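K.L.:
here is a sequence with its predicted model. Questions after.
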Amino acid sequence: MNPPGNPNNTLDTNLIRQVAFILFILFLGIVLARELWFFFPALLGAITFYVIMRERMFFLVESRGWKPSRAAWILMLLSFFVILVPIGILGNIMYAKISYAVTHSNEVLATLRTAAAKISDRIGYNIVKPDTINQLGPFLTRLLPKVLGITVDTLALTASLYFMLYYMLINGRRMEDALYEYIPLRDSNVELLGKELRTMVVANTIGIPLIAFIQGLVGLIGYLVIGIDEPFLWFAATCITAMLPVVGAGVVYVPLTIMLFAKGDNTRGIAMAIWGLGFIGLVDNVVRMILNRKLGDIHPLITIFGVIVGVSLFGFIGLIFGPLLISMFMLLLRIYGNEFLTRRRETRRSK
């Protein structure tokens, strides 16, 4: 038994207190995270916008002498009109068509049955069974309330995002200094974390939507030239589906091509197939290669699994944040190796 003055007792006591305190912090953090999980996408969005805006914020405040509040408001307004308004317009186009489909569900189902019958007559095989089309009726009826719920949640998350972003921007230097102080890593690894975080944020939040938007524009040109009905609806659908991994915009132009052939419009069907496979599909590969050089390379597997995880956790917005979370996980593994495994190797060599 160690004497009362033995430092080992002090070490053991301090270790126990430290472990108990960490466990209490973890417990409290889990409870808070569980209750505030709804706002987690807003927090991710605020961090993402902060990473993109921080250099401009520091330039306006420290070089131009602007007040922090004024600079923050200007940057937030710019982000709102440049990023969120176009997304809102695309969403409004899709919502209007979903509302029409729900209101006129009988007409939509009749049109689908006719198209499926024509395709079956041409190829001699039932691609879609009539029972499957009939099941779309109850699905369409349930779809509109879900879309309304998503819209309300999106508005609440957007408001929360900008509320958090405002305080991040005006307290940026103090926040970063606090992170340097409280993150239990060497300064070199903290700097690596910040640098890689910025690269990942830019590559995911700018690269993925930008590629999707360019594909949508290329698709829109084709829809207008070929004479597709409601080209802006298909443009919105192309922009949204282009963010999906593997299948991408093919979810739009392949069924559209099949629909044209089913109507007997072979000329426009061939034109749509050539435009979709030759231009919309090609621009994805070319623009992605160029942007990967400029913004940072994102491995396709990170995108695929990130989308799966992100959509499951956050819904549609997970198309952006899912790959970001997986990239962050991979980065933390690298930093763990630099921080702890390197020290262990150095200790072994010194012995």
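P.N.:
Yep, that arrived. In this text, all values refer to a predicted model and were calculated from it rather than measured experimentally.

K.L.:
F329 versus T154, what's the distance?
P.N.:
Using C-beta to C-beta, to the nearest Å, T154 is found at 26 Å from F329. All C-beta atoms are positioned from the backbone trio N, CA, C, and that covers glycine.

K.L.:
now swap in R34 and tell me
P.N.:
The value you get for R34 to F329, if C-beta to C-beta is used, is 20 Å.

K.L.:
of these two, who's got more company?
P.N.:
Legend: neighbour count by other C-beta atoms under 10 Å for R34 and F329, higher for F329 (12 against 8).

K.L.:
that one: which element?
P.N.:
F329 is part of helix 318-336, with elements assigned from DSSP states H and E.

K.L.:
in contact with D153, which residues?
P.N.:
Taking C-beta atoms under 8 Å, 6 or more residues apart in numbering as the criterion, D153 is in contact with F38.

K.L.:
is it within a helix or a strand, and which one?
P.N.:
Assigned by DSSP H and E, D153 falls within helix 136-170.

K.L.:
sorry, back to before: mind listing what's buried in the helix holding F329?
P.N.:
Counting neighbours by 16 or more other C-beta atoms under 10 Å, one finds that the buried residues in helix 318-336 are 318-328, 331, 335.

K.L.:
and the two most separated of those?
P.N.:
Spanning the widest gap among those are L319 and I335, at 26.0 Å by C-beta to C-beta.

K.L.:
dump stretch 195-215 to CSV, restricted to CA.
P.N.:
Extracted C-alpha coordinates of stretch 195-215, given in CSV (Å, rounded to 0.1, in the frame of the first residue of the first chain):
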residue,chain,number,x,y,z
LYS,A,195,-6.5,23.7,-44.3
GLU,A,196,-8.0,20.3,-45.2
LEU,A,197,-11.4,21.3,-43.9
ARG,A,198,-11.5,24.3,-46.2
THR,A,199,-10.5,22.2,-49.2
MET,A,200,-13.2,19.6,-48.4
VAL,A,201,-15.9,22.2,-47.9
VAL,A,202,-15.1,24.0,-51.1
ALA,A,203,-14.9,20.7,-53.1
ASN,A,204,-18.1,19.4,-51.7
THR,A,205,-20.3,22.5,-51.3
ILE,A,206,-19.2,24.3,-54.4
GLY,A,207,-18.0,21.5,-56.7
ILE,A,208,-21.0,19.1,-56.5
PRO,A,209,-23.7,21.8,-57.0
LEU,A,210,-21.7,23.6,-59.7
ILE,A,211,-21.3,20.4,-61.7
ALA,A,212,-25.0,19.7,-61.3
PHE,A,213,-26.0,23.2,-62.4
ILE,A,214,-23.7,23.1,-65.5
GLN,A,215,-25.3,19.7,-66.4
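
K.L.:
pull the residues that contact that stretch.
P.N.:
Residues contacting stretch 195-215 (C-beta under 8 Å, 6+ apart): 47-48, 51-52, 86, 238-240, 242-243, 248-249, 280, 283-284, 287-288, 291-292, 295-298, 303, 319-321, 323-324, 327-328, 331.

K.L.:
distance to G65 and pLDDT added to the buried residues of helix 318-336, as JSON lines?
P.N.:
What follows is the buried residues of helix 318-336, written out as JSON lines (distance: C-beta to C-beta, whole Å; pLDDT from 0 to 100):
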{"residue": "G318", "distance to G65": "40", "pLDDT": "73"}
{"residue": "L319", "distance to G65": "39", "pLDDT": "71"}
{"residue": "I320", "distance to G65": "34", "pLDDT": "73"}
{"residue": "F321", "distance to G65": "35", "pLDDT": "76"}
{"residue": "G322", "distance to G65": "40", "pLDDT": "78"}
{"residue": "P323", "distance to G65": "38", "pLDDT": "80"}
{"residue": "L324", "distance to G65": "34", "pLDDT": "78"}
{"residue": "L325", "distance to G65": "38", "pLDDT": "81"}
{"residue": "I326", "distance to G65": "41", "pLDDT": "83"}
{"residue": "S327", "distance to G65": "36", "pLDDT": "79"}
{"residue": "M328", "distance to G65": "35", "pLDDT": "80"}
{"residue": "L331", "distance to G65": "35", "pLDDT": "79"}
{"residue": "I335", "distance to G65": "36", "pLDDT": "78"}
